[in-house]
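> next input, structure requested:
(one chain, ligands or ions: 2)
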Amino acid sequence: MRLTVLGCAGSFPGPESACSAYLVEAEGFRLLIDFGSGSLSALQRYSDMNKIDAIILTHLHCDHMLDACTYIVVRRYDPSGSLPPVPVYAPLGAAERISAAYSQDNEPVDDVYTFYGLQPGTFPIGPFSITVDRVNHPIETYGVRIEHGGSVLAYSSDTAPCEPLLRLAAGADLFLCEASYLDGADNPPGLHLTGGEAGEAATKADVGRLLLTHLVPAWVSEASIVDAAVAAFAGPVEVVRPGARYDL
Ligand SMILES: [Zn+2]
Ligand SMILES: [Zn+2]
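Ligands and ions are numbered 1, 2, ... in the order given. As a prediction, this is how the structure comes out:
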């Protein structure tokens with residue numbers, strides 16, 4: 001499978017990146033994981049925006065789902081005619097949330113999306129085996145494990161340290177993990193990981209490679225976060241960039 005980073009800025013778009021959105025492809029199937037603010041722009045740069053086969057929204061914070069509202073126009077009003085509904089796997093309430101953000105009168109969006117409520121477990125999407133579990137964030141949020149052809153990609157979504165994150169990432173070839181906070185700062189509990197905590201999770205889960213994401217460029221030093229992660233994880237570590245592609 002191939003991972004393409006569309007957006008990786010944490011919490012709000014950065015000067016060089018949209019918010020969280022990741023395209024995962026295998027056997028011609030295109031799975032979009034998260035659809036944060038600004039990422040529809042990047043989707044057009046790095047892919048065909050009409051050809052999305054399924055979407056996972058890990059949680060309903062704006063920086064992970066707001067362009068699912070913008071994308072309604074793309075599918076409903078395509079010049080060649082409406083495009084078929086896309087399956088959306090998301091926490092319960094996603095339909096209402098997207099509808100409310102899209103229109104003042106909460107018009108239905110079921111011509112564009114077919115919604116499936118996420119709950120912890122394993123299920124297929126296209127050629128992928130997907131496992132999701134609740135992670136440690138103030139609203140219902142799912143980390144994701146994607147398996148295909150013997151390879152494993154794990155994605156933390158937004159989370160503070162927790163056991164489900166380690167299970168999802170266990171032995172993963174690529175661990176795409178958030179690192180929003182600086183180590184040693186007075187960070188609020190139950191929200192996000194520091195670089196050091198991302199590195200610790202990578203070590204405990206025995207992953208092959210750690211990809212740091214969801215940094216907030218306006219608020220944190222990237223070098224400090226990377227240094228803390230490297231100190232806690234002996235394997236390869238890098239910060240992802242929009243347009244970066246990883247084959248596994
Ligand atoms: Zn976020
Ligand atoms: Zn969040």
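> which stretches in this structure count as helices?
39-46, 62-65, 67-76, 94-102, 163-169, 195-205, 222-232 (DSSP state H).
> of those helices, which is nearest ligand 1?
Taking Cβ to the ion, helix 62-65 is the member of the helices of the chain nearest to ligand 1, at 4.3 Å. From N, CA and C alone the C-beta is placed, and that goes for glycine too.
> contacts for the closest one, please.
Residues outside helix 62-65 that contact it (Cβ atoms under 8 Å, 6 or more residues apart in numbering): 9-12, 19-20, 34-37, 57-59, 90, 94, 97-98, 157-158.
> ok, 7 Å please
10-12, 19-20, 34-37, 57-58 (Cβ atoms under 7 Å, 6 or more residues apart in numbering).
> same deal with stretch 227-246?
2-8, 16-18, 42, 46, 174, 179, 183, 194-196, 198-200, 202-203, 207-213, 215, 222, 226.
> before we move on, what about stretch 90-97?
57, 59-60, 88, 109, 115, 117-118, 140.
> tell me the spacing between V240 and G184.
The gap separating V240 from G184 is 24 Å, by Cβ to Cβ, to the nearest Å.
> the more surrounded of the two?
V240 (19 against 10; other Cβ atoms under 10 Å).
> relative to S103, how far out is that one?
Counting by Cβ to Cβ, the gap from V240 to S103 is 34 Å.
> contact partners for the residue lying farthest from the centre of the chain?
The outermost residue of the chain relative to its centre, with distances by Cα atoms, centre = their mean, is S80 at 30.0 Å. Contacts for S80 (Cβ under 7 Å, 6+ apart) come out as none.
> go ahead and confirm P120 touches V135.
No. Using Cβ atoms under 7 Å, P120 is not in contact with V135; the gap is 10.3 Å.
> ok, those two, which is more surrounded?
More neighbours surround V135 than the other of P120 and V135, with 24 against 11 (other Cβ under 10 Å).
> now the more buried one. Nearest residue, chain neighbours left out?
T159 (3.6 Å; Cβ to Cβ, 6 or more residues apart in numbering).
> what's the pLDDT at D105?
You'll see D105 listed with a pLDDT of 89.
> mind listing the strands for the chain?
2-7, 21-26, 29-33, 54-56, 86-90, 113-117, 121-125, 128-134, 142-148, 151-155, 174-178, 209-213, 237-239, 245-247 (DSSP state E).
> can I get the ones you listed in TSV including mean pLDDT?
Listed next are these as TSV, based on pLDDT from 0 to 100:
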stretch	mean pLDDT
strand 2-7	98
strand 21-26	98
strand 29-33	98
strand 54-56	98
strand 86-90	98
strand 113-117	98
strand 121-125	98
strand 128-134	98
strand 142-148	99
strand 151-155	99
strand 174-178	98
strand 209-213	98
strand 237-239	98
strand 245-247	98
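> can you tell me which of these is most buried?
Across the strands of the chain, the average number of neighbours (mean count of other Cβ atoms under 10 Å) peaks for strand 174-178, which reaches a mean of 28.
> distance of the residue farthest from the centre of the chain relative to ligand 2?
According to Cβ to the ion, to the nearest Å, S80 stands 35 Å off from ligand 2.
> could you do Y102 as well?
20 Å.
> how many other residues sit next to that residue?
Neighbour tally, Y102, other Cβ under 10 Å: 18.
> next, count neighbours for the nearest residue to it once chain neighbours are set aside.
Nearest non-adjacent residue to Y102, counting by Cβ to Cβ, 6+ apart: C69, 4.6 Å away. If you count neighbours by other Cβ under 10 Å, C69 ends up with 20.
> next: A18.
26.
> shouldn't it be in contact with D34?
No. Counting by Cβ under 7 Å, A18 stays clear of D34, with 10.3 Å between them.
> tell me which of the strands of the chain sits nearest to ligand 2.
Going by Cβ to the ion, the one of the strands of the chain nearest ligand 2 is strand 174-178, 8.8 Å.
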